[in-house]
Structures are given as C-alpha cells and as structure tokens.
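A.B. asks: With the input below, show me the fold.
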Amino acid sequence: LTVPSRIATAFTMDPSIQKHFTVVDYVIFAVLLAASMGIGLYYALSGGRQRTTQEFLMADRSMRCLPVSLSLIASFQSAVAIIGVPAEIYTHGTQYWFIGCAYVLGLLIPAHVFIPVLYRLRLSSAYQYLELRFSKAVRICGTLTFIFQMVIYMGVCVYTPAFALNAVTGFELWGAVLATGLVCTVYTTMGGLKAVIWTDVFQTIVMFAGQLAVIVVGVHQTGGVSEVWRKVWEGNRISALDLNPDPTERHTFWTLAVGGVFLMLSLYGVNQAQVQRYLSARTEKEAVRSCYMVFPSLQLALALSCVMGLVMFARYCGEDPSDNIFLYIYPQMVIYFVMDMLQGLPGLPGLFVACLFSAALSTISSAFNSLATVTMEDLIKPHFPAMSEARATLLSKVLAMSYGLVCLAMAYLTHLMGDSVLQVALKIFGMVGGPILGLFCLGMFFPWANSVGAVTGLGTGLSVSFWIGIGSIISHSSGTKPLPPDCSSSFLSGNTTTVTQLSALSNVTLSFYSLSYMWYSAFNCFTVIVIGLIISFLTGPMKEQDVTPGTIYPLLGTLFGFLPARLKKKLCCVTPLGQTVFVIKVFHLEQHLHQPDKIFIAPFTISHKIITYVCKTNDILITLTCTLACW
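C.D. replies: Numbers count the residues shown, from 1 in each chain. Predicted coordinates:
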C-alpha cells in the first residue's frame, strides 16, 4: 500500500483533523523568541559592545567551558534531528541508538588532535590552517565548500519544523519561518558570538525540558513504563547487536559505531561552527574540557529522542492507520504525536514547539556567525589588509545579516521543491563534510602532502561523494511508504533520510549506490587522503623544512617510532607540534608607522636560546630569529 504525496498533502491540509494551539502556547513560543532577542541585545550593549572583530566573531576568546559545551550540543542538535530521530526509532527500532558508541572517539580525537593544533595557531577561521599548511588556493577551496554546505542546510533547518508544525496544527507556515529567521538574524548581528553561545545555552535547556515533558506525559497516557516496555518488546522495537559487516546495510553496529566516528569528526573536528567555539575558549584546557563535557549531554539528547520514539510506538501500535494519517508522513509524525499527547495540557504543546524552534535557532545562528567569520577572514581580509577595525566589524555584522536573508531565501527554495529537496539537502550536508575532513587529515597527518595533492584530493572527494549521494537518491527515489507499525510487526527497512524499502540489487552500480549514508564521511575522507597522497608523490612531496611548524600533528612519528631516525626524517615523521604561539605585527614603513598591515599568527620554537618565528605573507615564507636577550 502506498500513500502518494498528493493524497498525504490533502489530508494534512484538512483543518478538521488538525490540532490547535491555545493562547498559552503562543505566549510560550513568543517568550522563547523574546528571550533570545533579549540576550542578543544585552551583549550588543554591554562589554565591548561588539566593536571589534575579535569580540564579534571570537567572543574575545574569553568563554568558559560550560557555555561552550552547551553551545556545541545546541549546534549539533538541530530541529531536523529532534523530528527525525524519534521517527527513526518509531519506524525501525532502537538500532540507531548504537551511534552513541561513536561519540567516544568522535569527541576524544577532536579534543586531543584537532583542538591542540588549531588552538595553538590562534586562528579565527579553521580554513586559515589550510593556507598555513598548504596555500591560499587550498584555503579558498575549503572555505567555498563550507559555505555551500551550510547555506544548503540553513534553509532545511528553518523550513522543516515550520512545515511540519503548519501541517499538523495550522500554525502559520511563513509566520514561523520569518519569525525564526529574522529573530535569529537580529540577535546574531547585534550580539555576535557571545550572544550566539549564551542563547544556545538557554535554548539547550528548553530543548531538554520540551522533550522530557513529552516523554513523561506520553508514558503516563500510554499506561505507564511497564506498558510501554511490553508494547515495544512485543513489537520487536528493541534491537539486538547487529554485527553484519555489509556496508550497504543501512544501520548496523559497524555502520553506526565506526562510520559514525567519521561523521562526528566532520562535525566536531573541522566544522567551522564548532571549531569557532573551541577557539573562543579562554585557554586550550578550557577548549578540551568543553569537548569532554559534550559527551554526557549528547548521550542524554540521544536517549531522550530514542525514548520519545519508543513511547510514540507504544501509543499508536495496533491502531487503525486511517485514524492517524499524519503517521504516514515522516517529518510530521513527531509533531502529531506531541500535539495528540499534550492537547489537553495548556502550555505544554507550546513548550515542545519552543524546544523544536530552539534547536532551529541554535543551528542557524551558529551557521550565520561561522559563515560571516569565514567570509570575512578568508575571502575579504586577505584582499583588504589595511581595512580599519571599525570597518571590518561593521562588515562582519552586515555579512551575518546577509546570510540571514540567504537563509530565508533557501527556506523558500525548499518550499518550492517539496519533500525531495529535504532528502537531497540532508545528504549534501553529509556528503560535503567527509571531503573537508579528509582535507584537514591530509594536512595534519601527512607532512609530505602538497597543495596540488590537497586541491586534487578535495575535488575528487567531492565528485565521488556527489556521484554516490545523488545516485542513491535517484535510484531509490521510488518506493513504498510504510504504514504505522502493528504491535507484532517486524522491522521495516529503508534508505537514509526516507522510509522507502530497498529491493535486492544485482547490478554492481546500483549496489554501490546502496552504500549506507553513515559511511559517506569515512569513504569520502579516505578518497581525499589517498588521491591527495598519490598526486603529492607524483608532483614532488613537500619537504619537512617547507612545512610551517605547528601545522602537523605527529601521528606518523608516534606510529613509526620504531623506525631509524634517518628513515623517519625521509618520511617527514619528525615535525613537532608547536607548543605555543607568538603574534607578529608586520608594518609597512612607507605607510603609517603605527598601523599594522596584518597580524600573523606564527608558532615559534626555542632551541639553544634562539627563538625562531615563522610566518606566511602573500605565499612567501618568512623566518625570523632572535636571541633570548632580544626577546
């Protein structure tokens, strides 16, 4: 039995089956927006009043680990996840819960590999690293790839919750989109990164409170914990450990726990939105500690979403599907469940909607700020090095506002294209993250990799990524939408962001398109590294003395410590990780003597009372030395 989109839409547009908000619910939703706006206004009028790019984009590098960690969670926990994870558990069971195993390495590796390298270089944009390590061309390629990734995702994050809410409750679609987009744009533009981080803290608390309220009421109305457990057990929704190594299986332990590590690394290791929070911490220890503090909170967020899916299954299993037409439609089933559970409790539906839009606000505000940062630091400042601080700050605010308007335009584009664009956009976000991760790994772990190899590897990785991703969307675009499951039903299988059922594929090409979406980041990361290394060897490996100190993590030196020193030197396995940094101000003497042309962040080393500084300007490597007496 299939449910065509046009029939589903007809049902969702029928006001007679929609749930409705009370005045209290609207008030709670308005309070969320007002509180977020108030935080932005506070930071616009306090402290340094966002008068410098350092304060606006980097929060003066003064943030403590607690707000940074909560902001890291809020950026990751988007509205798409709050809607999608319970629907996944409801439809397919608890196998997805095993992704929590990936959180261990997915946070330990950034804490002890990526944060030390990036923090000690004192960067503003993660892609500045690519210029220090490779060249300006690599930096621009990385920046443009990130901008493409985030612009696509912003529209989905704003539109998805608004669309689902409109279908189930009749809540004004474009009213919700505009309110979310404009409020987020205003407080991000006024308050800078400090406002973004502290609103993330507030919104994280609202997210947890909303999910917890739905679970408590849902369990009570379903008959208690024992009744919920009985139904999900009889319905075969408690998944066993699936050790099937087949990479085309959508969700197995290996797919989630191993493939998920690379997905986490692409988010928490090299994504500008997250890296910017690490770099805003007071010290490197605070940045590392914030990464550690994310782990329990992420596990809590995953547990709440999964339990909500189980409660939803226990509530509806065995019922006539025609009575709950919204349960046919993937983005709307969670909203329907919430409104159904909380309909007689004024204020609680509004609390969950506030939870949902808190997730949307936190994600897109992070996107605005990070996009403004990379555009300013990577695309504008290098071409206008003499720009005054006041003008640079004003331009950064204009960029943040502009990306807010782009977000609204992307939401409208999402609306025009319908459901299919959601699948494409979500896959694009995953497809782009893997090649960017591969680019950073190529630079940090392989000293002989050069800029030609980096650009070629990134281009190849993106091409392969889009080939597999778009191919899987096209080859699996047709399928059946499952009915709400019966209490005794077995698992339904489906493809990545949809619930379509996969058929057995004999064709090798189609089987390749069936690669689980959880392996996309790992596969594309290794593609970039392998191609990058091959091209680097063919075009002439980079020599150790040409590598900017502090840009290499000594992974190979640790792994191949048993090799003779001479061989390790040939493999460039001896480049140390910089221990600290020094800020060098370079002056144009023929111009204003006291006007710095540019600030170069350069690691320095101390050997035999000689301090060596290394900086890069216009692709020319400059090495300065002085004695400790001069220092």
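
A.B. asks: burial count for the nearest residue in space to Cys407 that is not next to it in sequence?
C.D. replies: Setting aside the residues directly before and after it, Cys407 is nearest to Met154 in space (C-beta to C-beta, 6 or more residues apart in numbering), at 4.2 Å. Just so you know, the C-beta spots here come from the backbone N, C-alpha and C atoms, and that holds for glycine as well. The number of residues packed near Met154 is 29, by other C-beta atoms under 10 Å.

A.B. asks: check contacts around Met154.
C.D. replies: Ile364, Ala367, Tyr403, Val406, Cys407, Met410, Ala411 (C-beta atoms under 8 Å, 6 or more residues apart in numbering).

A.B. asks: Any idea how many residues pack against the closest residue to Lys397 other than its chain neighbours?
C.D. replies: Spatial nearest neighbour of Lys397, chain neighbours left out: Thr189 (5.1 Å); criterion: C-beta to C-beta, 6+ apart. Residues lying near Thr189 (other C-beta under 10 Å) number 25.

A.B. asks: again, but for the one 10 residues further on
C.D. replies: Thr199 is flanked by 29 other residues according to other C-beta under 10 Å.

A.B. asks: Helix, strand or coil: sort out Arg122 for me.
C.D. replies: coil (DSSP: H, G, I helix; E, B strand; the rest coil).

A.B. asks: follow-up on the earlier one: just the pLDDT for the residue nearest to Lys397.
C.D. replies: On the pLDDT scale, Thr189 is placed at 86.

A.B. asks: Let me know the helix or strand that it is in.
C.D. replies: helix 173-222 (DSSP states H and E).

A.B. asks: For the strand or helix carrying Phe313, name the packing helices and strands.
C.D. replies: Per DSSP H and E, Phe313 falls inside helix 284-316. Judged by 3 or more C-beta pairs under 8 Å, 6 or more residues apart in numbering; DSSP states H and E, the packing partners of helix 284-316 are helix 65-76, helix 79-92, helix 102-109, helix 115-120, helix 173-222, helix 225-234, helix 272-279, helix 333-342.

A.B. asks: most tightly surrounded among those helices?
C.D. replies: Mean neighbour count, computed with mean count of other C-beta atoms under 10 Å, is highest for helix 272-279 among the helices and strands packed on helix 284-316, reaching a mean of 27.

A.B. asks: Send me that helix as CSV with only the CA atoms.
C.D. replies: Provided in CSV are the C-alpha atoms of helix 272-279 (Å, rounded to 0.1, in the frame of the first residue of the first chain):
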residue,chain,number,x,y,z
GLN,A,272,33.9,26.0,11.4
ALA,A,273,30.7,26.3,13.5
GLN,A,274,32.2,24.0,16.2
VAL,A,275,35.9,25.0,15.8
GLN,A,276,34.9,28.6,16.3
ARG,A,277,33.6,27.7,19.7
TYR,A,278,36.8,25.9,20.7
LEU,A,279,38.8,28.9,19.6
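
A.B. asks: Let me know the angle separating the helix holding Phe313 from helix 102-109.
C.D. replies: Taking axes from the mean of the first three to the mean of the last three C-alpha atoms, to 10 degrees, one finds helix 284-316 and helix 102-109 inclined to each other by 170 degrees.

A.B. asks: Could I get the contacting residues of the closest residue to Trp519 other than its chain neighbours?
C.D. replies: Spatial nearest neighbour of Trp519, chain neighbours left out: Gly259 (4.5 Å); criterion: C-beta to C-beta, 6+ apart. Listed by C-beta under 8 Å, 6+ apart, the contact partners of Gly259 are Ala102, Ser516, Met518, Trp519, Tyr520, Ser521, Ala522.

A.B. asks: And Gly259, how close does it get to Lys427?
C.D. replies: From Gly259 across to Lys427, the span is 14 Å (C-beta to C-beta, to the nearest Å).

A.B. asks: In the chain, mark out all the strands, start to finish.
C.D. replies: Counting by DSSP state E, the chain has strands at residues 581-587, 596-607, 610-617, 620-627.

A.B. asks: quick one: average pLDDT of the first one?
C.D. replies: On average, the pLDDT along strand 581-587 is 40.

A.B. asks: cool, stretch 40-47 as well?
C.D. replies: Mean pLDDT, stretch 40-47: 81.

A.B. asks: Also stretch 361-375?
C.D. replies: Mean predicted confidence for stretch 361-375 is 87.

A.B. asks: Okay, now the unreliable bits of the protein?
C.D. replies: 1-19, 47-48, 318-331, 417-426, 475-512, 561, 568-631 (pLDDT under 70).

A.B. asks: Of all residues in it, which one is nearest the centre?
C.D. replies: Leu267 (4.6 Å; C-alpha atoms, centre = their mean).

A.B. asks: Looks like that one contacts Gln77 (just checking).
C.D. replies: No: Leu267 lies out of contact with Gln77 (C-beta atoms under 8 Å); the separation is 11.1 Å.

A.B. asks: of the helices and strands packed on helix 284-316, which approaches Val547 most closely?
C.D. replies: Minimum separation from Val547 across those (C-beta to C-beta) falls at helix 115-120, 12.7 Å.

A.B. asks: Could you export that closest one as CSV, keeping only the C-alpha atoms?
C.D. replies: This file holds the C-alpha atoms of helix 115-120, laid out as CSV (Å, rounded to 0.1, in the frame of the first residue of the first chain):
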residue,chain,number,x,y,z
ILE,A,115,41.9,21.3,19.2
PRO,A,116,45.6,21.4,20.1
VAL,A,117,46.7,22.1,16.5
LEU,A,118,44.1,24.7,15.7
TYR,A,119,44.0,26.4,19.1
ARG,A,120,47.8,26.9,19.3
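
A.B. asks: Going forward, count from 2.
C.D. replies: Shifting the count to begin at 2 puts that one at helix 116-121.

A.B. asks: That helix packs against which elements?
C.D. replies: Counting contacts by 3+ C-beta pairs under 8 Å, 6+ apart, helix 116-121 packs against helix 273-280, helix 285-317.

A.B. asks: Give me the contacts around the shortest one.
C.D. replies: Under the criterion C-beta under 8 Å, 6+ apart, residues 58-59, 62, 64, 69, 72-73, 76-77, 115-116, 119-120, 123-128, 147, 151, 194, 198, 268-270, 288, 291-292, 367-368, 370-371, 374-375 lie in contact with helix 273-280.

A.B. asks: Next, the angle from that helix to helix 285-317.
C.D. replies: Relative orientation of helix 273-280 and helix 285-317, computed by the same axes, to 10 degrees: 130 degrees.

A.B. asks: how far off helix 174-223 does helix 273-280 point, in degrees?
C.D. replies: Using the same axes, to 10 degrees: helix 273-280 against helix 174-223 is 80 degrees.

A.B. asks: relative to helix 66-77, how tilted is helix 273-280?
C.D. replies: Angle, helix 273-280 to helix 66-77, by the same axes, to 10 degrees: 180 degrees.

A.B. asks: Likewise for the longest one?
C.D. replies: Relative orientation of helix 285-317 with respect to helix 66-77: 50 degrees, computed using the same axes, to 10 degrees.

A.B. asks: Would you pull up how far helix 285-317 lies from the middle of the chain?
C.D. replies: With C-alpha atoms, centre = their mean, to the nearest Å as the basis, helix 285-317 stands 15 Å off its chain's centre.

A.B. asks: Tell me which residues of that helix come out buried.
C.D. replies: For helix 285-317, burial by neighbour count (16 or more other C-beta atoms under 10 Å) applies to 285, 287-292, 294-296, 298-299, 302-303, 305-317.

A.B. asks: Quick check: phi and psi on Pro448?
C.D. replies: phi -60, psi -30 (degrees, to the nearest 10).

A.B. asks: if I read this right, it contacts Ile553, doesn't it?
C.D. replies: Yes: counting by C-beta under 8 Å, Pro448 does reach Ile553; the two are 5.2 Å apart.
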